[in-house]
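In: Kindly return the folded structure for what I paste below:
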Amino acid sequence: MDAPGSTDAGVLVPLYLDKSDLHAVFTRRRDDLRRHAGEISFPGGRQDFPDEDLRVTALREAEEEIGLPREDVELVGALSPTGTFVTGYRIHPFVGVIRRGHAWTLQPDEVDEVLELSLRALVEGYANKRLLRRGVPIKTPTYTVGDNFVWGATARIVEELLERLRAVL
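Out: Below you'll find the model as predicted:
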């Protein structure tokens with residue numbers, strides 16, 4: 001499976017069960033970053049070297065960005081690669097199960113906060129919207145939970161995740 005983009009990146013989609021409700025862990029990126037400033041995303045990033053396994057990339061980046069030890073993650077699958085249109089990333093999402101109640105340690109140069117959003121709340125907050133980004137109109141799925149607005153590549157990843165989990169939500 002392929003997606004547009006010239007730079008590969010791996011992201012972790014951490015999930016945990018709280019009672020009967022699945023939650024996903026996201027990050028809100030700092031507002032002063034050069035790329036994707038202030039956006040909600042999954043922890044992840046670029047490979048450290050060209051042949052690095054993207055699963056390793058996703059786990060390493062989650063550990064660096066939010067203090068999630070890789071040994072605390074059980075990888076259970078992957079979602080389709082997703083491209084970013086403006087920055088040219090080809091994002092490879094890996095789904096991992098974690099325990100509930102993790103104490104997060106934020107990487108202060110990148111991450112403003114960690115968000116733990118219920119998948120049910122994401123489903124309820126769905127809308128397909130037309131947004132204007134850098135003067136370019138885009139139509140994208142969006143998810144609004146409280147003051148949290150998920151759009152773009154992250155929303156496309158969430159959309160596939162929710163589709164695959166539809167039977168259990």
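In: got a list of what the residue sitting nearest the centre point of the chain touches?
Out: By CA atoms, centre = their mean, the mean C-alpha position of the chain lies nearest to F42, the distance being 2.3 Å. F42 sits next to V11, L12, V13, P14, A24, V25, F26, T27, P93, T154, I157 when contact means CB atoms under 8 Å, 6 or more residues apart in numbering. For glycine as for every other residue, the C-beta is placed from the backbone atoms N, C-alpha and C.
In: repeat that for 10 Å
Out: 10-14, 24-27, 58, 61-62, 65, 91, 93-95, 150, 153-154, 157-158, 161 (CB atoms under 10 Å, 6 or more residues apart in numbering).
In: Show the average pLDDT along the longest strand along the chain.
Out: In the chain, assigned by DSSP state E, the strand with the most residues is strand 7-18. Confidence over strand 7-18 (mean pLDDT, whole number) is 94.
In: how much space between V56 and R70?
Out: Going from V56 to R70 by CB to CB, to the nearest Å gives 8 Å.
In: any low-confidence regions in the protein?
Out: Applying pLDDT under 70 to the chain flags residues 1-6, 31, 33-38, 85-86, 134.
In: Try it again at 90.
Out: 1-9, 19-20, 29-39, 46-51, 82-90, 110, 129-140, 152, 166-169 (pLDDT under 90).
In: What segments of it are helices?
Out: 54-66, 119-124, 152-164 (DSSP state H).
In: What segments of this protein are strands?
Out: Counting by DSSP E, the strands of the chain are 7-18, 21-29, 40-41, 44-46, 74-78, 82-83, 89-97, 111-118, 126-133, 136-145, 148-150.
In: Now the first one: buried residues?
Out: By 16 or more other CB atoms under 10 Å, the buried positions in strand 7-18 come out as D8, A9, G10, V11, L12, V13, P14, L15, Y16.
In: Centroid-wise, who is the farthest residue in the chain?
Out: G135 (24.4 Å).
In: What separation do you get for that residue and F26?
Out: Taken as CB to CB, the span from G135 to F26 is 27 Å.
In: follow-up on the earlier one: would you turn the buried residues of strand 7-18 into TSV with distance to A103?
Out: Below are the buried residues of strand 7-18 laid out as TSV (distance: CB to CB, whole Å):
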residue	distance to A103
D8	30
A9	26
G10	24
V11	21
L12	17
V13	20
P14	14
L15	18
Y16	13
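In: Among these, which one lies nearest to L75?
Out: L12 (8.5 Å; CB to CB).
In: OK, contacts around the closest one?
Out: 25, 42-44, 55, 57-63, 65-66, 68, 70, 73, 75, 93-96, 98.
In: just L106 next, same as before
Out: Here L106 is in contact with T27, R28, R30, E65, I66, G67, D112, E113, V114 (CB under 10 Å, 6+ apart).
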